[in-house]
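J.: Fold the following and give me the result.
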Amino acid sequence: MSQTMADRTPIALHNQAATSKSAGHVIVDTLVAHGIKRAYVVPGESFLDVLDGLHDSPIETIVCRHEGGSTYMAEADGKMNQIPGIAMVTRGPGAANAHVGLHTAWQDSTPMVLFVGLIPFAHRDREAFQEFDVKAWFDTGAKRVMVLDHAERASEIVAEALFAAMSGRPGPVVVGLPEDVIRQQIPAELHPPIPVATGGMTIVDSAALADALAASSKPLFVTGGNDWTQGGADQLTSWLEKHQIPAAAEWRTEGTVPFSSPSYAGPIGYGRPRPTYDLLEETDLLIFVGTVPGDVITDGFLCRQDWNKKNFLVTIDPSLRGRSGPVSYQIVAKPDVFVRDLAKIELPVKDEWKTWTARMRAEQESFSALPPAVQSAGPARMDTLMANLVPTLPDDAMVTLGAGEHTNWAHRYFPTQRYASMISARNGSMGYSVPSAIAASLEYPGRRIVTIAGDGEFLMNGQELATAAQYGATPLVIVMDNQEYGTIRTHQERHYPGKVSGTQLKNPDFALMAQAFGGYGIKVERDADIPAAIEAALKAIDEDHVFALIHLVVEQRVKAY
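T.: So this is what the prediction gives:
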């Protein structure tokens, strides 16, 4: 069964009505009681009482350098866990900067709670310093927006926010904290966690799915979303392999079915050259688990639109928000509980399934086969870097990505062997790579965390390397420097050939920046120097316990495929 906050509650809840605390301290106590381990913060005078409460709490306070970085880290935290990531920012400008992470959490269905310090209640509607309307700003991009106008409801509001972020289709919740309200003394009684419904298959659902599978010659599962556990992913993989049925991964969610599994057919969406959309049309039964056929999967709502096609959608969201095309059957369930019930379905393995799966697997193996590790005599190449890096990676290696053509090398070659071994922004948000890698390194200090950033993307939140150094995060950062916004240049060449406008970049020495921030940095311009650079970077991480950055200067217009 899916993990809830109650499963991770570290302390017993009890009635503390005999004592009183400030509302800000009660907010922190409630977060602790609900299993929150870490908060990503850009401080502001508007929520000083909450910061004071964090001082003596077991919650690790990660002080970030920009609100966009802090919300990206919180969003990545929510992807890696089944309780929300927590970000805290101040009013006005701070809230504006935080919006990018909120949008990522909304489109990626990630549980996250953003606490925003507000002007004093008594100053409201007087154009006070940094005043803004928190509900007007965030209401269309968050599941709920709540304001703590009554101090005595502090613990209740936090519990409601965490529940709202996790229940149904997960997503972001915003909580406004007026500066004067959070200083008020209130009874220190804490609100318990609110259980989250996980759904499940009924007898009728199981029979319908079993019948559909029995009638199918070319079934295909598509996994996606962030609402899995490793146990659920393992159980699904075992069932698929036993029945010799293939599974593809939603764009930027690779790893639910392992890279090495004979049932893994690769990613579907941007980032795969073979005609995956033809694959969606060819299959006679699509079963989406944890996601729905949205914009990216259906190539802009064009593929799989025939209402005679058979699609089973397994999602806890009864509204099917973002869904396109036919719906043959909906099962309202979170992935883990669906897989628990799927494992009870026993079907004879068809020869057609074996042939279909073998064909899909052969295409994936051909696509993902590493290029030669031998270096050329020319400029540095990402192909060479991946060919030399991948063999060094342990089975639990993890990659984080932002947005851009540089991410395609990871889509193609990175061996995602576990659930949540690829953390990325599926809303195409740039600047996500470094913050998400820091959050991953803090959550999993023993794992090899790799992030691949483009030169344009890196400078959007590269300053968070200071945060990495401050808190001991040790990711390997690869900056692919092709001196342009490559994805936009590709679109430009397609629609305005021969006219390059607004996409070219002149970059600094990123390796020197890494050194200035307190990590290891090396600049590589020749292909022949790549193996030594990888060896030195990994040695710095493993022996000196610092982050490492490889600044790889490559030619323009060289793509992963």
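
J.: R447: what's it in contact with?
T.: Applying C-beta atoms under 8 Å, 6 or more residues apart in numbering, we find R447 in contact with 394, 396-398, 440-441. C-beta: built from backbone N, CA, C; applies to glycine.

J.: tell me the mean pLDDT for stretch 79-86?
T.: In this model, stretch 79-86 has a mean pLDDT of 94.

J.: hmm, who's touching it?
T.: With contact meaning C-beta under 8 Å, 6+ apart, stretch 79-86 is reached by 2-5, 8, 31, 34-36, 38-40, 73-78, 108, 110-113, 115, 161-162, 165-166, 173, 226-227, 229, 420, 423, 439-440, 443-444.

J.: please redo it, this time with the cut-off set to 6 Å
T.: Stretch 79-86 has contacts (C-beta atoms under 6 Å, 6 or more residues apart in numbering) with 3, 5, 35-36, 39, 74-75, 77-78, 110-113, 162, 165, 226, 420, 423, 443.

J.: How about stretch 50-61?
T.: So stretch 50-61 is contacted by 24-25, 27-28, 32, 36, 38-39, 41, 43 (C-beta under 6 Å, 6+ apart).

J.: How far away from the center of its chain is it?
T.: Computed by C-alpha atoms, centre = their mean, to the nearest Å, the chain-centroid distance of stretch 50-61 equals 25 Å.

J.: measure it end to end?
T.: Between the opening and closing residues of stretch 50-61 lies a distance of 11 Å (C-alpha to C-alpha, to the nearest Å).

J.: which of the residues in that stretch are buried?
T.: Neighbour-count burial for stretch 50-61, counted by 16 or more other C-beta atoms under 10 Å, picks out 50-54, 57, 59, 61.

J.: Likewise for stretch 263-273?
T.: For stretch 263-273, burial by neighbour count (16+ other C-beta under 10 Å) applies to 263-272.

J.: count of neighbours near V26?
T.: Using other C-beta atoms under 10 Å, V26 has 31 neighbouring residues.

J.: Can you tell me the element it falls in?
T.: According to DSSP states H and E, V26 maps onto helix 23-33.

J.: Looking at the protein, which helix is longest?
T.: helix 351-368 (DSSP state H).

J.: which helices and strands sit right next to that one?
T.: When contacts are defined as 3 or more C-beta pairs under 6 Å, 6 or more residues apart in numbering; DSSP states H and E, helix 351-368 sits against strand 264-268.

J.: One more pass at 8 Å, please.
T.: Packing contacts for helix 351-368, counted by 3 or more C-beta pairs under 8 Å, 6 or more residues apart in numbering; DSSP states H and E, involve strand 219-223, strand 264-268, helix 408-413.

J.: List the buried residues in the longest one.
T.: Put plainly, it is helix 408-413. Neighbour-count burial for helix 408-413, counted by 16+ other C-beta under 10 Å, picks out 408-413.

J.: who's in contact with that helix?
T.: For helix 408-413, the external contacting residues (C-beta under 8 Å, 6+ apart) are 252, 254, 267, 271-272, 367-368, 370, 382-383, 385-387, 390, 399, 401, 422, 452, 480, 559-561.

J.: buried subset of those?
T.: Among those, the ones that count as buried by 16+ other C-beta under 10 Å are 252, 254, 267, 271-272, 367-368, 382-383, 385-387, 390, 399, 401, 422, 452, 480, 560.

J.: Now, the residues you listed that are in helices?
T.: Residues of these located in helices (DSSP H): 367-368, 382-383, 385-387.

J.: Those residues into TSV, with extra columns for pLDDT and distance to H99?
T.: What follows is these, written out as TSV (pLDDT from 0 to 100; distance: C-beta to C-beta, whole Å):
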residue	pLDDT	distance to H99
F367	90	36
S368	92	36
M382	93	32
D383	94	37
L385	96	34
M386	95	34
A387	96	39
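
J.: before we move on, the earlier item: D278 is nearest to which of the helices and strands packed on helix 351-368?
T.: Among those, strand 264-268 comes nearest to D278, with 11.1 Å by C-beta to C-beta.

J.: Next SSE downstream of the closest one?
T.: Sequence order places helix 276-282 as the next helix or strand after strand 264-268, per DSSP H and E.

J.: Would you check the distance separating that next one from the middle of the chain?
T.: 26 Å.

J.: re the thing from before, buried members of the contacts of R447 into PyMOL, please.
T.: To isolate the buried subset of the contacts of R447 in PyMOL, counting by 16+ other C-beta under 10 Å, use the following:
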select buried, resi 397+398+440+441
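
J.: so where's this protein uncertain?
T.: The model of the chain has pLDDT under 70 over residues 1-18, 271-277, 560.

J.: If we use 50, what do you get?
T.: Across the chain, the ranges flagged by pLDDT under 50 are 1-17.

J.: Distance check, R38 against H243.
T.: Plainly put, R38 is 40 Å away from H243 if you go by C-beta to C-beta, to the nearest Å.

J.: next one: R169
T.: For R169, the distance to H243 equals 28 Å [C-beta to C-beta].

J.: what's the answer for L177, then?
T.: Distance of L177 to H243, given as C-beta to C-beta: 51 Å.

J.: Look at these two and report which has more neighbours.
T.: Set L177 next to H243 and count neighbours by other C-beta under 10 Å: L177 wins out with 26 against 19.

J.: Who is the more buried one paired with across the strands?
T.: L177 has the following beta-bridge partners by DSSP bridges: G117.

J.: which residues sit in contact with it?
T.: For L177, counting by C-beta under 8 Å, 6+ apart, the contacting residues are 24, 27, 46-47, 50, 115-118, 148.

J.: re the thing from before, can you redo the buried residues of stretch 50-61 as a markdown table with secondary structure?
T.: Putting those into a markdown table (DSSP: H, G, I helix; E, B strand; the rest coil) gives the following:
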| residue | secondary structure |
| --- | --- |
| V50 | helix |
| L51 | helix |
| D52 | helix |
| G53 | helix |
| L54 | helix |
| S57 | coil |
| I59 | coil |
| T61 | strand |
